[in-house]
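J.: Fold the following, please.
(one chain, ligands or ions: 1)
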Amino acid sequence: MHEIDTVRAVRWQDDALHLLDQRVLPHEVSYLVLQDFRATADAIRDMVVRGAPAIGITAAYGMALAAREFGQHVDWRERVQAAADVLNAARPTAVNLAWAIARQNRILDAIENGEQSFAALLAEAQRIASEDVEANRRMGQAGARFIPADSGVLTHCNTGSLATGGYGTALGIIRAAVEQGRKVQVYADETRPWWQGARLTAWELQQDGIPVNLVVDSAAASLMAAGRIQSVVVGADRIAANGDTANKIGTYGLAVLARYHGIPFIVAAPTSTIDFATPTGADIHIEERPAEEITQVRGVQLAPLGTQAVNPAFDVTPAELITAIVTERGVVESPTAARMQQLIET
Ligand SMILES: CSC[C@H]1O[C@H](OP(=O)(O)O)[C@H](O)[C@@H]1O
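T.: Numbering: from 1, shown residues only. I've put the predicted structure just below:
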């Protein structure tokens with residue numbers, strides 16, 4: 001099998017932030033090289049880089065870029081804080097963005113107290129990235145048991161190295177099952193309207209030499225009815241304190257279908273994606289993206305000009321439909337607020 005997990009969405013190289021431009025994958029592999037927090041925020045908003053952990057890592061580097069720009073100013077802390085607000089406003093749903101910025105704010109406090117230098121911001125961003133890969137590998141090992149040998153697994157959107165620091169969350173579980181020698185039929189939803197499955201997951205798994213069956217989003221029901229799917233494994237952008245999970249639009253429907261067909265529905269996410277300050281899924285802000293992402297395909301007009309569209313980028317799956325939430329700190333089966341709380345108490 002090919003060497004797996006060779007792709008990196010976010011790199012710090014030659015004193016600059018390098019982002020693999022996911023808008024043009026898989027047919028073009030090109031990087032944006034950024035030296036400016038404003039361009040970094042734009043790259044998150046425009047989905048040059050996407051995926052909850054990956055945008056958190058990117059924002060952490062963006063804070064280091066802001067400090068490099070403003071560090072010589074007397075009011076450097078206010079200026080860097082304003083930059084953090086710009087980065088935080090880039091996309092509203094994935095909590096990893098705010099979580100990574102909060103980690104950098106603690107470094108800013110230490111710098112302000114004279115305990116750290118500005119170099120600590122870059123070091124912290126690199127730590128966030130390396131911790132994420134390690135967390136994904138631990139999740140892979142913990143979650144592989146949900147993918148039986150010789151089974152079919154359905155996944156949605158892209159949750160691999162392109163969405164994280166590396167290895168992936170749901171795709172990390174699939175990678176771990178394959179690494180453990182299990183023969184797995186992977187079914188990847190194309191994931192309209194941004195095609196993360198068709199363009200990104202298919203490409204990532206091809207780099208790994210892992211066969212994948214690309215399917216249209218509306219195929220899931222009949223695949224389950226035909227007995228071709230034995231597990232559904234998805235990622236997350238924000239998990240509320242009670243286990244309700246916001247993830248790519250279409251996830252909720254898969255959870256309902258999986259429950260109807262008695263198929264385990266697994267969410268894989270690092271604890272940096274759990275937001276204990278948000279009580280339930282009803283409190284999660286769902287990003288609305290431009291109508292053109294639906295009415296056009298790759299910039300080519302599809303729907304009649306002037307057609308209106310509603311384009312929520314995420315939906316919320318109630319905890320009661322989730323078989324297990326796999327994190328790097330443990331697996332929460334049949335998630336409830338009490339069981340989620342135990343994750344951070346262990
Ligand atoms: C491992 S997080 C991946 C998560 O992020 C995706 O959203 P987007 O591509 O819009 O950033 C999707 O919800 C994935 O499950």
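J.: Just to check, residue 167 is in contact with residue 130?
T.: No - Residue 167 is beyond contact range of residue 130, at 11.4 Å (criterion: Cβ atoms under 8 Å). All C-beta spots, glycine's among them, are computed from the backbone N, C-alpha and C.
J.: Would you mind splitting this structure into its domains for me?
T.: Domain assignment for the chain, taken from automatic domain parsing, gives 10-136, 142-345.
J.: how far does the shortest one stretch from start to finish?
T.: Put plainly, it is domain 10-136. 16 Å (Cα to Cα, to the nearest Å).
J.: Show me how far that domain is from its chain's centre.
T.: Remark: domain 10-136 is offset 15 Å from the chain centroid, using Cα atoms, centre = their mean, to the nearest Å.
J.: Give me the contact status of that domain with the ligand.
T.: Yes - judged by Cβ under 6 Å from any ligand atom, domain 10-136 and the ligand are in contact via 50-53.
J.: hmm, back to that, out of residue 167 and residue 130, which sits in the more crowded spot?
T.: residue 167 (24 against 13; other Cβ atoms under 10 Å).
J.: buried stuff in stretch 15-29?
T.: For stretch 15-29, burial by neighbour count (16 or more other Cβ atoms under 10 Å) applies to 17-23, 25-26.
J.: Name the residue of the stretch 1-150 of the chain that lies nearest to the ligand.
T.: residue 50 (3.3 Å; Cβ to the nearest ligand atom).
J.: Tally up the residues packed near that residue, please.
T.: Considering only other Cβ under 10 Å, residue 50 is surrounded by 27 other residues.
J.: Over to the one 10 residues further on?
T.: Residues within reach of residue 60, counting by other Cβ under 10 Å, total 28.
J.: With adjacent residues omitted, what lies nearest to it?
T.: With Cβ to Cβ, 6 or more residues apart in numbering as the criterion, residue 60 has its nearest non-adjacent residue at 3.7 Å, and that residue is residue 125.
J.: Please identify which helix or strand holds the one you found.
T.: Element membership of residue 125, judged by DSSP states H and E, is helix 119-143.
J.: quick one: strands adjacent to the next helix or strand after that helix?
T.: Counting by DSSP H and E, the element after helix 119-143 in chain order, helix or strand, is strand 151-155. Sheet pairing of strand 151-155 (DSSP bridges) gives strand 184-189 (parallel), strand 231-234 (parallel).
J.: Mind exporting the C-alpha coordinates of the first one to PDB?
T.: Yep, that's strand 184-189 we're talking about. Extracted in PDB, the C-alpha atoms of strand 184-189 (Å, rounded to 0.1, in the frame of the first residue of the first chain):
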ATOM      1  CA  VAL A 184     -13.200  -2.100   3.900                       C
ATOM      2  CA  GLN A 185     -15.400  -0.800   1.100                       C
ATOM      3  CA  VAL A 186     -15.400   2.900   1.500                       C
ATOM      4  CA  TYR A 187     -18.300   4.900   0.200                       C
ATOM      5  CA  ALA A 188     -17.800   8.700   0.000                       C
ATOM      6  CA  ASP A 189     -20.600  11.100  -0.500                       C
END
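J.: Heading C-terminal from that strand, find the next helix or strand.
T.: helix 202-208.
J.: just checking, what packs against that next one?
T.: If you count contacts as 3 or more Cβ pairs under 8 Å, 6 or more residues apart in numbering; DSSP states H and E, helix 202-208 packs onto helix 170-179, strand 184-189, strand 212-215.
J.: and these, which is most packed in?
T.: helix 170-179 (a mean of 27; mean count of other Cβ atoms under 10 Å).
J.: Which secondary structure elements does it sit against?
T.: Looks like helix 170-179 contacts helix 119-143, strand 151-155, strand 184-189, helix 202-208, strand 231-234, strand 265-268 (3+ Cβ pairs under 8 Å, 6+ apart).
J.: Confirm for me that the residue of the stretch 1-150 of the chain closest to the ligand is in contact with residue 22.
T.: Yes - counting by Cβ under 8 Å, residue 50 touches residue 22, with 6.1 Å between them.
J.: Overlap in contacts, those two.
T.: Residues within reach of residue 50 and of residue 22 at once, by Cβ atoms under 8 Å, 6 or more residues apart in numbering, are residue 162.
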